[in-house]
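**Q** Got a sequence here, can you build the structure:
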Amino acid sequence: VQLQASGGGLVQAGGSLRLSCLVSGLTTSDNVMNWFRQTPGKEREFVAGISWRNGVKRYADSVKGRFTISRVSAEYTVYLQMNSLKPEDTAVYYCASSSGVVTSPLGAVSWGQGTQVTVSS
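**A** Below is the predicted model of the structure:
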């Protein structure tokens, strides 16, 4: 599976951004697509995940109610809609695929390149 993330940028606190992850080489619908994020000096952390097969979603507590993960199967794209952004959401965001539900980056199988999200206060 190859992943290509895009959509990062600079936004003021309270604003919104939508990240996209284009998926190619998907051979099974059993994959779960995830978003992780990482700031300098910290471990990469789970943000959200969605089952490609049935659309079941999971979120980190820190983003529940503000972020929405979705997928458009026909477009082979996974989205992360981020609303009510906070300065602490500033990070490099990565999309990643896994063969099941994961919350650790160790469980991811494939990674896209990161996209920088910066939220100014």
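**Q** I figured Ala13 hits Thr118, correct?
**A** No. Using CB atoms under 8 Å, Ala13 is not in contact with Thr118, being 10.8 Å away. Every C-beta, even on glycine, is put in place using the N, C-alpha and C of the backbone.
**Q** shared neighbours, those two?
**A** Residues touching both Ala13 and Thr118 by CB atoms under 8 Å, 6 or more residues apart in numbering: none at all.
**Q** then stretch 107-121 to CSV, C-alphas only?
**A** Extracted in CSV, the C-alpha atoms of stretch 107-121 (Å, rounded to 0.1, in the frame of the first residue of the first chain):
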residue,chain,number,x,y,z
GLY,A,107,1.3,-1.5,14.4
ALA,A,108,1.3,0.4,11.1
VAL,A,109,2.5,-1.3,8.0
SER,A,110,2.8,1.5,5.5
TRP,A,111,3.3,5.2,5.9
GLY,A,112,2.8,8.2,3.8
GLN,A,113,5.0,11.2,3.9
GLY,A,114,4.1,13.7,6.6
THR,A,115,2.2,17.0,6.1
GLN,A,116,2.9,19.9,8.5
VAL,A,117,0.0,21.4,10.4
THR,A,118,0.7,24.6,12.3
VAL,A,119,-1.9,26.2,14.5
SER,A,120,-1.1,29.7,15.7
SER,A,121,-2.5,31.2,18.8
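**Q** for that stretch, the distance to its chain's centre please.
**A** Put simply, stretch 107-121 sits 7 Å off its chain's centre (CA atoms, centre = their mean, to the nearest Å).
**Q** Double-check that Ala5 belongs to a strand.
**A** Yes. Judged by DSSP: H, G, I helix; E, B strand; the rest coil, Ala5 forms part of a strand.
**Q** confidence score at it?
**A** What the model reports as pLDDT for Ala5 is 96.
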